[in-house]
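Peer 1: Provided below for reference: sequence and predicted model.
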Amino acid sequence: DNTDTNTDTETETEINIETDIIPPVITILGDNPLSITKGDSYIELGADSLDEKDGNISVIISGNVDTSVVGSYDMTYTSTDNSGNISTAIRVVNVLAPPLTTFTIDTNTVLKPGKYSYDNLVITNNAVLTLEGDPDSTNSFKGVEINAYNITIDAGASISADGQGYQDGPGSPELNEDGASYGGKGAGGTSSVYGSSLEPEDLGSGKLSSGRGGGAIKLIVTDTLKNNGTISANGINSRASGGSIYVKTNQLEGTGNFNANGSGTSWPYTKAGGGGRIALYYNTSSFSGLAQALAGIYCFYGCNPAADTGTVGLFNLSDNSLNIISTWTFEDSLSPFNFDKIILNKNSKVEIEENVIINSDEFFVDEGSSVVSLGNNVLNIPIITLDNISTFTLAGGEKIDSDSLLVKGGSTFTFSDNGILSIDSLLVSGNSSTVTVVPEKILLLEIPNVEVQEGAYISVDQKGYVNGPGTQNENQKGGLYGGDDENISSSYVYGSALKPVDFGSGGKAPHPQGGGAIRLVITDTLINNGIISANGNVSSSGGSIYVTTKNLLGNGEFSANGGGLYAGGYFAAPGGGGRVAVYYESSSFTGKAEAKGGCGSYDGWSMTCASKGTVGLFDTLNNDLYLDSSWQFKNSDSPFNFNNIFISNGTKVISDENISLTANDISIDGASTFVFSGSETINANQMNILGNSTLTILNEKILKLEVSNLFVETGSYIQVDGKGYVSGPGSPEEGEQAGASYGGKGGGASSKPVYGSKEEPIDFGSGSKGNRGGGAIRLDISGTLENNGIISASNTKEHVSGGSIYVTASNILGNGKFVANGGGSSWPYGSIGGGGGRIAIYYDDYSFSGENIVLPGNYCFSGCASAGESGTLHLVDKNFIPLSSSKKIIKFNFSELIPEVVGTIEESNHTISLSVPFSTDITNLVPNIDISDKASIDPLNGVSQNFSNPVSYIVIAEDGSTESYTVTVLVLPDPDPEPILDTTPPEISSFLLNDISGDVTINPTESNPLSINLNASENVNWMSIKIENEDDSTVYKIFQSGVNCVDDTNTCLKSWNGGLSSGGLLQDDTTFKIKVHIKDEAGNEFYDYLSPVITIDTLI
C-alpha cells in the first residue's frame, strides 16, 4: 500500500473572551456623614475598594476639610480597575459650631460705647442693659454695637440708650425754648433733621438748658431677636430728640416695644423734641409689638404731640419689602428707594420729601395710615392700594407711573396739579372711599379705565373759589356759576357749558367755598355706580365736571349742585348750580347728572331754591345732545351744531342772545321748558314739543322760530302769555278805568285805540296795573306745522290785551288752539277787560280743525260777558297773498356792548339815535337789527360799520319799495374827566370911576368921594386896590376886600374920600393911578395898573 503521510490537517480552536464592565465597589470607612466640632482635627479614615475580577485595588482621596470654618465639606474617593472602570464615593464632613454659651443679664448692667459679641444674650428679671453713648468720640458710630447669635429680651426687661445722645448735637435748636431734631423736626423749627432712615447710627440731640438726646443702638443677630420687653433710645428730660435703633436679624419675634421717642415739655414751654430713627431688618418676622419714634408731648390740661415724629422702618429682606407701622420719611438725600413692596399699617404716617424717586412693585397703605408727598416726586409703582380709611395726598408736580390705583375701604387719595400721571386703571370702591384734589386745583385724570363703585366718590366738593367771579357783592347773596334763571345777576354767570373747567364761587355764609373742577379723560371705559361730584358749600355754587370717555356705564350720579341756604343768625341765600358735560361714544348709563341750585326755607315751611346750572350728555358717535336736568346755550359757546337734541325730565333750557343753533331734530319732552332770548338763530329740520312741555321767551322779546317742521303735542305749549308790554301803546292812562287795547279795544270809554298790523302782527300786547300784555310769536315753517297743543300769546291777568301770533307754513294741521286773548275784569272794576290780540296765519294747505281765538277779556259778576273788543284773525291762503310792503326797522341795538345800547327810532323822520359810553370805539361797531318780516336791509344786519359819521340804512320791502333810515351814534362825555389846569390869569374886564370909564379930575372929600366900580373876568379874591401917586409911589391909599368887595366874586365897589394910607395930606394938581391885585381860584394873579388917570384939583 502506498500511504500519503504528507496530507495537511487544519485544526480549529474556539476561544471565549468575557468583557469586564463592572466597576469596583468603594466602602467608606467610618461615619458618613461625619460631624466634627469647629477647631477639632479631622482624621481621614480612608476607604476600601474591591473589584470582582481584580480584587482589592487602591483608592485615591481628594478634598479638604477646614475645621476652622463652620460649614459642610466633601471628601471624594475614586478607584479604577484594570479594565478602566471607575467608581466614586463622597463622604460629607460637617464642621459644626461649638455649642453656644448663654450670657444672661438679670441685674442692671451698663456697657460702655463700643462693640460686643455674645452667643446667646438673654436679658431677664426686669433688668436694664444700658448702652452708653460717647458724644465726644471721633468715631462715626458713637453708641454700642452688639453682635450675637440670639438675643432675647424678656417681658419687663430692657435694652436702653435713653438720654445717651448729644447734650447739644447737630439737631440742637438755636433757641432754648425750641425742641431738638433728629429723625423728626423739633418744635420751633430752628433745627434740621439729620442722619439716615435706612441705616440709623447717629445720636439724638438735646440742649444744654434742657435734656439729652437718645443714644445709638446697633444689634447684629445671626439667628433670632426676640423682644418681649423694651429696646429704647429716647430723649430725656425736656425738648430732646430720640436716638437710633438699628437691627439686623434673621428672625424677628416678640410682643415688646422699640422706642426712639423725643422728650416732651410742659408749661411755660410748649415745644418738644422730635422723634428719632428705627430700622429693623429681618428675613422672617412674627413680631407683633410696637416700633415708634414719636415726637415729644406738651402737657397742660392734657397732653398732645408738640414736634414731628421720626422714622421707623421694618425691612423684610426675604421679599425686599419695607413695612411701616409708625412713621417714616422718604428723604431726598437717600433717593432713589427700591423695594418690591411698601406696606403701611397701624395708622402709620409717611412723608415723601421733594424730588424723591420710589421704585416698588406695590405700595399698600392700610389701617388708617397716611402718605403725604411734598411734590415733584417720581413714583414708579405698578400697584397702589389704599384701604381701611387711609389717605394719600399729593402736593403737585409728581410723576406717577402705575398700572392700577385702588382706593377702597373709606380711604382718600388727594391729587394736586402739574403732575404727570400714567395710570392704566383707577378703582374707587367701598363706602366713602374718595378720590379728590387740593382746593382751587383742577382734578385732571387721563386714565384708560375708571370705575367708581356704589358708595364711593370722585369728589371735589368745596374745592373751588372762596371769592370767585360768581361771588356777588351784595350781602346775603348766594354764589353763582352755571346759571341764573331770573337773568338778574347774569354778570356773575361765567365759564363754558360745553367744556366746563372753572371753579364754583363762594357765597356770603361763613366758610364759603364753591365746588371744584373735575376733568376726566377716559380713553376706554368709565363705570360710575357711585358719585362723581363738584358740589358747593353752604350758600356757594357748584363747580365743574367735564368728562370724555369711549364707554359710559353705571347707575351712579354726576353732581355739581350749589350749597343750601345758610340760617345761622342771619340768612345767606343758597348757591347756584355748577356745570356738567359728559361726552361718550357709547353709553348704557342709567344714573343721573345734575347741577341744581341749593335750597332752603326762610320762613320754615316754604322752599326757596337757587338757579340751576348746566348739564349736557353728548353722544359723540351720533353727535346727539341729551339734556335732562338744566342747560344754557351760551353765546361764548356758540355756534352749536348737533344731529339731534333731546330735552327731557323737566329740564329748563335757556339761550343767550345771538346764539346760533343747528340741529336735524330738536325734541322738548317730559314737562321741560325751552326759553328763547329773542335773537337766537335756530336752524332745524324738525322741532317737537311733547309731553306737557313749553317753548317760551323772555319778556318783551319776539319768539321767532324758523324750522322745516314743527309738531306740538296735546298738552304742550308754545306760550308767550304775559311776555308783552307792562305799559304799551294800548295801555290805559294811569288812573283811567279802561282795559288795554291791541288788536281789539279794551273795555271802558277811555281805552286807547288799537295798533299794529293785522296782516303781519308782531307787536306785543299792552299791560295794565303792573301786569304785562301777551307777547309775540313768529313762526316761519317751510314744511308742516301740526298743532295739537296750544300756541298762545295771552294773559289771564286783568285788563291786559292779548299779543301776536304770526304764522307762515306750507301745511297746517292738528286740533289744538291758537290763542291771543285779552285779560278779564272783575268787580268792582266793571266791564273794562283787555282787548283781544292778533293772529295771522298764512298757509298753502290748511286742514287744521282746532280753534283760533282772539277774544277780549270777560267781566264776571253774576255771570260773565265780554268786557272789550275781540282782536283780529287773519287766515290767508299764500297762493293769493300780495307782496308785502312793510319796510320798517323795528330794533337797532348794539348788543355786544355791556350794557346793551338800545337805539331810539323816530318813525316820523326815519332816524335812529344811539348814545354809547365814553371811550367806545365807534369805528367798528356791529349792530343787531330787527326789520319787517320779508324785508331785507342794506348794509346787512350783523356787519360792522364805522359810525363816526351818520350811516344810512335802506330797508327793502318784499314788493321792492324802500325806506331809508339815518343812524347817528353819539359818544357820551367822560363821566370822570381829568381836571383842566387853569393857567389863565384873571383880568379887570371893565371899570367905572364916578360912572366914567376913563380919566377923571376930582377933589375927593367925605361928601364928594370918588366912586370906584371894578369888574373882573371871573370870580377872584380881591387882594388889594391901590390908588398910587404917579410921581411918588410912597403916597397912596390902599383898599382890601370887604363890604361891596367880597372875595370869590367878580365885582368890587370902593369909595375914596381923599384920605391916604401913606404920604400925608392930599396935594393939589397931583395925579394918581389905580393898581389892582387879584387872584383866581387856581392861584393865577393879576397885579397891574389900570389905564385911567385921576387928577386932584382942590379948587373944585
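Peer 2: Perfect, thanks for sending it. Numbers count the residues shown, from 1 in each chain.

Peer 1: what lines up beside the longest strand along the chain in the sheet?
Peer 2: Ordering each strand of the chain by length in residues (DSSP state E) puts strand 1010-1029 first. Strand 1010-1029 has its sheet partners listed here by DSSP bridges as strand 988-993 (antiparallel), strand 1036-1039 (antiparallel), strand 1049-1056 (antiparallel), strand 1071-1079 (antiparallel).

Peer 1: quick one: contacts for residue 760?
Peer 2: Contacts for residue 760 (Cβ atoms under 8 Å, 6 or more residues apart in numbering) come out as 806, 840, 884, 886, 932-933. In this view, the C-beta of every residue, glycine as well, is placed from N, C-alpha and C.

Peer 1: okay, those residues in TSV with pLDDT, neighbour count and distance to residue 419 next?
Peer 2: TSV is the format used below for the contacts of residue 760 (pLDDT from 0 to 100; neighbours: other Cβ atoms under 10 Å; distance: Cβ to Cβ, whole Å):
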residue	pLDDT	neighbour count	distance to residue 419
806	97	25	59
840	96	24	64
884	85	17	64
886	90	20	63
932	92	22	60
933	86	22	58
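
Peer 1: those: which two are farthest apart?
Peer 2: 840 and 932 (13.4 Å; Cβ to Cβ).

Peer 1: output the contacts of residue 760 in JSON lines; the columns should cover distance to residue 782 and secondary structure.
Peer 2: Shown next, in JSON lines, are these (distance: Cβ to Cβ, whole Å; DSSP: H, G, I helix; E, B strand; the rest coil):
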{"residue": "806", "distance to residue 782": "15", "secondary structure": "strand"}
{"residue": "840", "distance to residue 782": "17", "secondary structure": "strand"}
{"residue": "884", "distance to residue 782": "17", "secondary structure": "coil"}
{"residue": "886", "distance to residue 782": "20", "secondary structure": "coil"}
{"residue": "932", "distance to residue 782": "19", "secondary structure": "coil"}
{"residue": "933", "distance to residue 782": "14", "secondary structure": "coil"}
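
Peer 1: closest to residue 1094 among these?
Peer 2: Of these, the one sitting nearest to residue 1094 (Cβ to Cβ) turns out to be residue 932, at 79.6 Å.

Peer 1: from residue 939, how far out is the closest residue to the closest one other than its chain neighbours?
Peer 2: Spatial nearest neighbour of residue 932, chain neighbours left out: residue 886 (3.5 Å); criterion: Cβ to Cβ, 6 or more residues apart in numbering. Counting by Cβ to Cβ, to the nearest Å, the gap from residue 886 to residue 939 is 19 Å.

Peer 1: just residue 34 next, same as before
Peer 2: Distance from residue 34 to residue 939, by Cβ to Cβ: 116 Å.

Peer 1: now do residue 232
Peer 2: Remark: distance between residue 232 and residue 939 (Cβ to Cβ) = 91 Å.

Peer 1: higher neighbour count, these two?
Peer 2: residue 232 (25 against 14; other Cβ atoms under 10 Å).

Peer 1: check contacts around that one.
Peer 2: For residue 232, the contact set (Cβ under 8 Å, 6+ apart) comprises 158-162, 214, 245, 257-261.

Peer 1: what sits opposite it in the beta ladder?
Peer 2: Beta-bridge pairing for residue 232 (DSSP bridges): residue 160, residue 259.

Peer 1: what residue ranges in the protein score low on pLDDT?
Peer 2: 1-17, 485-489, 735, 827-831, 861-863 (pLDDT under 70).

Peer 1: okay, now the domains of it?
Peer 2: With automatic domain parsing as the criterion, the domains of the chain are listed as 25-96, 102-318, 705-880, 889-971, 988-1096.

Peer 1: could you look up the SS state of the residue nearest to residue 19 when sequence neighbours are not counted?
Peer 2: In space, and not counting its chain neighbours, residue 19 is closest to residue 83: 7.8 Å by Cβ to Cβ, 6+ apart. Three-state call for residue 83 (DSSP: H, G, I helix; E, B strand; the rest coil): coil.

Peer 1: what is the neighbour count of residue 83?
Peer 2: Residues near residue 83, counting by other Cβ under 10 Å: 14.

Peer 1: what do you get for residue 675?
Peer 2: Residue 675 has 18 neighbouring residues, counting by other Cβ under 10 Å.

Peer 1: and it, bridged to which residues?
Peer 2: Going by DSSP bridges, residue 675 forms beta bridges with residue 654, residue 696.

Peer 1: quick one, what contacts it?
Peer 2: 652-655, 696-698.

Peer 1: ok, so of the residues you listed, who is nearest residue 646?
Peer 2: Using Cβ to Cβ, those come closest to residue 646 at residue 653, 11.1 Å.

Peer 1: which ones are touching that closest one?
Peer 2: 627, 630-633, 647, 668, 672-675.

Peer 1: hmm, back to that, ChimeraX command for the buried members of the contacts of residue 675?
Peer 2: Burial among these is assessed by 16 or more other Cβ atoms under 10 Å; the matching ChimeraX selection reads:
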select :652,653,654,655,696,697,698
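
Peer 1: on that earlier part again, list only those of the contacts of residue 232 flagged as buried.
Peer 2: Looks like the contacts of residue 232 have 158-162, 214, 245, 257-261 buried, using 16+ other Cβ under 10 Å.

Peer 1: off-centre distance for stretch 527-546?
Peer 2: 11 Å (Cα atoms, centre = their mean, to the nearest Å).

Peer 1: before we move on, back to that, identify the residues contacting the residue nearest to residue 932.
Peer 2: Residues near residue 886 by Cβ under 8 Å, 6+ apart: 757, 760, 932-935, 957-958.

Peer 1: can you tell me how far it is from residue 953?
Peer 2: For residue 886 relative to residue 953 (Cβ to Cβ), the value is 15 Å.

Peer 1: likewise residue 191?
Peer 2: According to Cβ to Cβ, residue 191 stands 80 Å off from residue 953.

Peer 1: tell me the spacing between residue 169 and residue 208.
Peer 2: Counting by Cβ to Cβ, the gap from residue 169 to residue 208 is 11 Å.

Peer 1: correct me, but residue 201 touches residue 195?
Peer 2: Yes: here residue 201 lies in contact with residue 195, judged by Cβ atoms under 8 Å, at a distance of 7.4 Å.

Peer 1: neighbour count winner among those two?
Peer 2: residue 195 (25 against 20).

Peer 1: for residue 243, see how far away that one is.
Peer 2: From residue 195 to residue 243 the distance is 10 Å (Cβ to Cβ).

Peer 1: got it, and residue 350?
Peer 2: From residue 350 to residue 243 the distance is 21 Å (Cβ to Cβ).

Peer 1: pick out whichever of these two has more residues nearby.
Peer 2: residue 243 (43 against 23).

Peer 1: that one contacts residue 236, doesn't it?
Peer 2: No: Residue 243 sits out of contact with residue 236 when judged by Cβ under 8 Å, with a separation of 10.2 Å.
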